[in-house]
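Colleague: no FASTA, just this:
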């Protein structure tokens with residue numbers, strides 16, 4: 001398990017993880033522990049549901065501010081968690097979030113969700 005994790009991290013670092021260059025499209029890299037050659041990269045259009053079976057390590061990148069919704073099961077109906085997607089989201093143990101190995105994700109555009117509050121400065 002550790003050897004697979006090290007290989008995965010080295011692979012991601014060596015290719016210089018690039019974020020999707022299209023608006024409203026997320027780049028997803030995922031990995032199944034214990035399966036050789038199970039590293040996969042794909043694009044996911046915002047608003048579409050995508051299902052995963054046994055995937056425990058996932059990296060998601062987007063250039064838009066977005067919200068990542070994680071559902072248990074194959075259809076995006078049973079919401080388990082939501083996360084802000086501010087450029088990049090990674091999780092090395094997705095099974096802990098969904099509590100099962102079958103889960104699905106959906107990414108929705110949320111403009112302004114990642115903006116940090118600016119401090120008001122008095123320049124008198």
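Modeller: Received it, and whenever you're ready, just let me know what you need. All of these numbers come straight from a predicted model, not from anything done at the bench. Numbering: from 1, shown residues only.
Colleague: my guess is residue 44 contacts residue 24, does it?
Modeller: No: using Cβ atoms under 8 Å as the test, residue 44 is too far from residue 24 to be in contact (10.0 Å). Heads up, the C-betas are built off the backbone N, CA and C, glycines and all.
Colleague: Which one of these two is surrounded by more residues?
Modeller: residue 44 (18 against 15; other Cβ atoms under 10 Å).
Colleague: So that one lies in a helix, does it not?
Modeller: No: with DSSP: H, G, I helix; E, B strand; the rest coil as the criterion, residue 44 is assigned strand and is not in a helix.
Colleague: In contact with the closest residue to it other than its chain neighbours, which residues?
Modeller: Spatial nearest neighbour of residue 44, excluding adjacent residues (Cβ to Cβ, 6 or more residues apart in numbering): residue 26 at 4.9 Å. For residue 26, the contact set (Cβ atoms under 8 Å, 6 or more residues apart in numbering) comprises 20, 43, 44, 46, 60, 61, 62, 66, 85, 107.
Colleague: Walk me through which strands the helix or strand hosting residue 29 pairs with, and which way each runs.
Modeller: Taking DSSP states H and E as the criterion, residue 29 maps to strand 25-31. Here strand 25-31 is paired, per DSSP bridges, with strand 40-45 (antiparallel), strand 57-61 (antiparallel).
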